[in-house]
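Peer 1: Generate coordinates for the sequence data below:
(one chain, ligands or ions: 2)
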Amino acid sequence: MKFRDWIKTITFYEILLGMKETIKHLVHYKPITLQYPHEKKPLAENYRGMLALLRYDDGTEKCVGCDLCEAACPSRVIRVISTEVPGEPTKRYAKEYYMDMTRCLFCGLCVQACPVDALGMTREYEWAVYDKRKLHLNKEQLLAIGDRAFPVREKQLEFQHPNVAYFNVSFKDIPEKAN
Ligand code: SF4
Ligand code: SF4
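Peer 2: Ligands and ions are numbered 1, 2, ... in the order given. Model (predicted):
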């Protein structure tokens, strides 16, 4: 054993080194614990919280019942039962829409898959419940979350480009295809 190592052994050098860090921490102590729920951590800008169904500014539901969100979800959270809009056979809507939030990963794939931006991720996270059946949400509950989380709604556009209408086989007055 070298002389330097021998000195380190008899003076408990490693222990003193460790104690130095402990004392440094004690002297410059800054509490990092937040007293939740009285104190809350600021959320990141892109925080992905509870999911919600959205409406247009006139209150119409955005969802067209296409099932793409259901297909995109890796955890089989979503179940959509869609049907025709009464009196408008070319349009569909989600007659029933369910989300089992006990399975959700908050990955956001359903939001990205939706072609009409009918789904949104809110900044809500305080959803702890005693009965997990309460996390099986229906359409009305999801719309209510959307109403309170996104008070500014997107304007509904009635305009349909002729090229889109051309492929709509049930469209009664098929317009000339635009050049
Ligand atoms: S956030 Fe992900 S896991 Fe949750 S419902 Fe959407 S696709 Fe499914
Ligand atoms: S939420 Fe979007 S993707 Fe899901 S069924 Fe409705 S329109 Fe389709």
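Peer 1: in this protein, which residue is closest to the centre?
Peer 2: For the chain, the residue nearest the mean C-alpha position is residue 121 (3.3 Å; C-alpha atoms, centre = their mean).
Peer 1: Please name the residues that touch that residue.
Peer 2: When contacts are counted by C-beta atoms under 8 Å, 6 or more residues apart in numbering, residue 121 touches 48-52, 106, 108, 111. C-beta here means a position set from N, CA and C on the backbone, and glycine is covered the same way.
Peer 1: Is the strand ranked longest in the chain in proximity to ligand 2?
Peer 2: Using DSSP state E, we find that the single longest strand of the chain is strand 88-100. Yes. Under the criterion of C-beta under 6 Å from any ligand atom, strand 88-100 makes contact with ligand 2 via residue 94.
Peer 1: coming back round to it: looking at the sheet around the residue nearest to the centre of the chain, what are its partners?
Peer 2: residue 51 (DSSP bridges).
Peer 1: among the helices and strands of the protein, which has the poorest mean pLDDT?
Peer 2: helix 162-166 (a mean of 53; mean pLDDT, DSSP states H and E).
Peer 1: Assumed residue 35 was part of a strand.
Peer 2: No. The assignment for residue 35, made by DSSP: H, G, I helix; E, B strand; the rest coil, is coil rather than a strand.
Peer 1: Get me the contact residues on the protein for ligand 2.
Peer 2: Counting by C-beta under 6 Å from any ligand atom, the chain sits next to ligand 2 at 63-69, 80, 94, 113-114, 116, 118-119.
Peer 1: circling back: which of the residues in the longest strand of the chain are buried?
Peer 2: Residues of strand 88-100 classed as buried by neighbour count (16 or more other C-beta atoms under 10 Å): 92-94, 97-100.
Peer 1: would you turn the residues you listed into CSV with distance to ligand 1 and pLDDT?
Peer 2: CSV is the format used below for the buried residues of strand 88-100 (distance: C-beta to the nearest ligand atom, whole Å; pLDDT from 0 to 100):
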residue, distance to ligand 1, pLDDT
92, 20, 88
93, 19, 91
94, 14, 94
97, 11, 97
98, 11, 98
99, 6, 98
100, 9, 98
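Peer 1: Check what contacts the helix ranked longest in the chain and list those residues.
Peer 2: Determined from DSSP state H, the single longest helix within the chain is helix 13-27. Residues outside helix 13-27 that contact it (C-beta under 8 Å, 6+ apart): 7-8.
Peer 1: Let me see the ranges of the helices in this structure.
Peer 2: So, for the chain - with DSSP H - the helices run 3-10, 13-27, 68-72, 109-113, 139-149, 162-166.
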